[in-house]
Every structure is written in structure tokens, then in C-alpha cells.
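In: Can you look at this prediction? I've put the sequence above it.
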Amino acid sequence: MESIIGGPYMDQAEKLRSMVKSQEETVKEPAKRLARVITVTSGKGGVGKSSLAINLALQFRKKGKSVIIFDADFGLANIEVMFGAIPKYNLADMIFRGKGFKDIIVEGPEGIGFISGGSGINGLGNMNREQVQYLVYKLKELEMLADIIIIDTGAGISDSVLEFVAASGEVVLVTTPEPTSITDSYALLKALNARESFDAEICKIKVVANRVLNYEEGKNLFSKLEVVVTKFLKINLAFLGVIPMDMNMSKAIMQQKPISIAYPNSAGAKSVERIADGLLENKEAEGPKRNSLARAVANIIKNGFKNK
């Protein structure tokens, strides 16, 4: 990786200081509306998390919303595989090589923007404080570029997953009827509840039951999870909806297309549309925004420079 000091980047440190300093002045100006940030997560892989994130984005676009997907499932690049696009640049290029969002945001179907899972956060642990401040500053800027930002986290209880969830005001937790999926969903919520940065009053967690036979099975799945979570974790869950078993979903994945494009009238696509409608109708989420994307990334890389 090229050094930020020397060559064409010799003035970069001073630029970073100026940009960070100007943040206070920017805040005094009439505030632009921040994007609504929705984090999609799961306790285990293979439950349809990334598929839901993409199809939610498509449904939001149909309703006139501008959407950016931030693929935080680092290293797997599920989103770019389903979109059939390979980004040329990533976040590291923005920090160290002067690239802008127009360079690292790739346009997907229906005008959806996405930042790839190869976005390089795991490799940014050696940034100095000014570089971290600059990254956070730019991510706050990102939250003014769209109506909705969907964060597709990794699966499980890694630090990065927990930080993205804890920093979010709105979380969609995807689970399935498989016993391991339910157990892992509880494990995720338990780890989240023990995290100092998590505030149950601010973070609203909404459950989607995927691959169920019918609505009743999905509601029963949610009820079982809710009883245990309410009793032992004191976290309030909300039931967002179900996505039924649909062979068209598998067909769409084989075609590397979202079901909302490949089979827009299928049961799976229609169920995601209802979930999107439910999210948009939720006026509670239109309250104060918290720069949750910037906060999460800052916390994830914070440990890398504690001793600097």
C-alpha cells in the first residue's frame, strides 16, 4: 500500500486536518437530511440475508427511493456476485489514493448504488488518527447521498457485525425455521446485549422469518424467539414479516439475478415488497438519525490505533 506521506500525497495530512476542522463549520449550516440506515444481519450464514438486502433495495427503488447498499460482509462479496459487477476501487483507495464516492460506488440494477465487500475496512487497521477521522467524515457525507442505505453485514457474532448492529437505529434480523438458525439468532442477540455500545432503547430489531411454509409458521418462529429474548435479554423484538419457500428464489440465484427482477410476480418477490412497505410505513424510523454507518466503522477500526 502506498504511503500517505511523500510523492503526490505529501500534502494529504494537512488536507485531512483541514477537512476534519471544517466539520464543525459544516454542522452549523442548515442540516441536510441524513439517509435512513437499515442494517440487515443474521446469526448464521446461508439464511438469505444478502438476498433480502438486495431485494429490499430494489423494492425501495420501485417506490422512488434512492438506495445505496454497503456490503459489510467483508471478503465474501455476495452483493457484487449477485449484481454481476466488479468494483475497480474501494474505501482504501478513497483514504490513501484520493478517490471519491463516484469512484467506489458501483451502479447496480435499477440505479442502486453499492460499495463492495472488498471495501478494505479489515485492512485499514494501521490508519493513523487523522486518516480515521477523514474516513468517518467521508462516511457521514455518504449518508447524505441517498434516501436509504442498507448495510449487509457478515453473519455471526464477529466484532464488525456487532458494531454495525449496535450503531444502527434499525436492524432487520433474518432467521429460518432451522433449529441452528434460531439458536444462532439468539446467540447474536445475547452478544449484542452484552456490548457496551448497544442501546436497546435506540436500536430497533425487527425479525424476518425466511423460508417458511406459511405466515403461521413464521409467526410461531418469531414468538418462540421473542419469549426467550424478552425473558433473558430484555430486548424488544418486532415481527416484520415472512418470506415463504419459493423455488423461484433458487432459480433467480442460479441466474445471478434478484428475484424481484427475475420473477417480480412470484410469492418471494411479493413478500419482500410487503416487508419493504412495512418498513416505509414505519414513521418511528423517521426520527433523528445517528450517522450509524460512520459510527460503526470508527468503532470497528478503533482498536487498531488505541496505542498510537
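Out: Great, that's in hand. Residues are numbered from 1 along each chain as shown.
In: where does the chain dip in pLDDT?
Out: Across the chain, residues meeting the criterion (pLDDT under 70) sit at 1-32, 74-85, 117-127, 283-291, 301-308.
In: Could I get the full set of helices for it?
Out: 12-28, 49-62, 78-83, 91-96, 101-104, 129-142, 159-167, 179-193, 215-232, 247-254, 259-262, 267-281, 292-302 (DSSP state H).
In: With mean neighbour count and distance to Val40 added, can I get those helices in CSV?
Out: Placement of C-beta: from N, CA and C, glycine included. Output for the helices of the chain, formatted as CSV (neighbours: other Cβ atoms under 10 Å; distance: least, Cβ to Cβ, whole Å):
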stretch, mean neighbour count, distance to Val40
helix 12-28, 13, 29
helix 49-62, 24, 4
helix 78-83, 21, 11
helix 91-96, 20, 19
helix 101-104, 16, 20
helix 129-142, 18, 17
helix 159-167, 23, 10
helix 179-193, 18, 13
helix 215-232, 16, 16
helix 247-254, 16, 16
helix 259-262, 22, 15
helix 267-281, 19, 11
helix 292-302, 22, 13
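In: Give me the distance between the two termini of stretch 238-256.
Out: For stretch 238-256, the first-to-last residue distance is 31 Å (Cα to Cα, to the nearest Å).
In: Contacts for stretch 239-248 next, please.
Out: Outside stretch 239-248, the residues that touch it by Cβ atoms under 8 Å, 6 or more residues apart in numbering are 48, 52, 172, 206-215, 217-219, 222, 226, 259, 262-263, 266-269, 271-272, 274-275, 278-279.
In: Of all the helices of the chain, which one is nearest Arg36?
Out: Closest approach to Arg36 among the helices of the chain (Cβ to Cβ): helix 267-281, 8.7 Å.
In: Please list the residues outside the closest one that contact it.
Out: Contact with helix 267-281 is made by 38, 52, 55-56, 59-60, 62-63, 65, 170, 172, 206, 208, 240-244, 246, 248-249, 259-260, 263, 285, as judged by Cβ under 8 Å, 6+ apart.
In: can you do 7 Å?
Out: With contact meaning Cβ atoms under 7 Å, 6 or more residues apart in numbering, helix 267-281 is reached by 38, 52, 55-56, 59-60, 63, 208, 240-244, 246, 248-249, 259-260, 263.
In: That one versus helix 247-254: what angle between them?
Out: Interaxial angle, helix 267-281 versus helix 247-254 (axes from the mean of the first three to the mean of the last three Cα atoms, to 10 degrees): 90 degrees.
In: next one: helix 267-281 to chain centre, how far?
Out: Here helix 267-281 shows a centroid-to-chain-centroid distance of 18 Å under the convention Cα atoms, centre = their mean, to the nearest Å.
In: and what of stretch 217-235?
Out: With Cα atoms, centre = their mean, you get 23 Å for stretch 217-235.
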